[in-house]
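**Student:** Generate coordinates for the sequence data below:
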Amino acid sequence: MAEAGNELSKREAKALEKQQRLEASELRKEAPNPVWFKPVMFGFMLLGLLWIILYYVTSAMPTPLPVPALGQANIFVGFGLVLVGFLMTPWWK
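**Tutor:** Residues are numbered from 1 along each chain as shown. Below you'll find the predicted structure:
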């Protein structure tokens, strides 16, 4: 008989724990973003833009910047950085 009571309390404990996790999840959804989120998001976008501009401006030089070994792949790196910034925008509150 003690096992049935013990099993019931385990079920209640699991149900209570699940309810607490759901409440914590709801609070996180409504919580504002951390202070660093917006500067990092816009930083990625601006860094990617500057990367692309720097490559285009210096492409006529013998060693185009920012990374000469990449060549035209610098454009993909720049667009990748911009894309990371844009992928962060759905979580911006």
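**Student:** Pull out the buried residues from stretch 43-61.
**Tutor:** Buried positions in stretch 43-61, judged by neighbour count with 16 or more other Cβ atoms under 10 Å: 44, 45, 47, 48, 51, 52, 55. For every residue, glycine as well, the C-beta is placed using N, CA and C.
**Student:** ok, now stretch 64-71?
**Tutor:** Buried residues in stretch 64-71, counted by 16+ other Cβ under 10 Å: residue 64.
**Student:** what pLDDT does residue 3 get?
**Tutor:** Turning to residue 3, the model gives it a pLDDT of 59.
**Student:** coming back round to it: now the buried residues of stretch 43-61 as JSON lines including pLDDT, secondary structure and distance to residue 16?
**Tutor:** Formatted as JSON lines, the entries for these read as follows, by pLDDT from 0 to 100; DSSP: H, G, I helix; E, B strand; the rest coil; distance: Cβ to Cβ, whole Å:
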{"residue": "44", "pLDDT": "98", "secondary structure": "helix", "distance to residue 16": "41"}
{"residue": "45", "pLDDT": "98", "secondary structure": "helix", "distance to residue 16": "44"}
{"residue": "47", "pLDDT": "98", "secondary structure": "helix", "distance to residue 16": "46"}
{"residue": "48", "pLDDT": "98", "secondary structure": "helix", "distance to residue 16": "47"}
{"residue": "51", "pLDDT": "96", "secondary structure": "helix", "distance to residue 16": "51"}
{"residue": "52", "pLDDT": "96", "secondary structure": "helix", "distance to residue 16": "53"}
{"residue": "55", "pLDDT": "95", "secondary structure": "helix", "distance to residue 16": "57"}
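**Student:** how much space between residue 55 and residue 72?
**Tutor:** Counting by Cβ to Cβ, to the nearest Å, the separation of residue 55 from residue 72 is 8 Å.
**Student:** which helix is the longest one in this protein?
**Tutor:** When the chain is parsed with DSSP state H, its longest helix is helix 2-30.
**Student:** so residue 81 touches residue 44, yeah?
**Tutor:** Yes. Taking contacts as Cβ atoms under 8 Å, residue 81 lies within contact range of residue 44: 5.3 Å.
**Student:** That'll do, ta.
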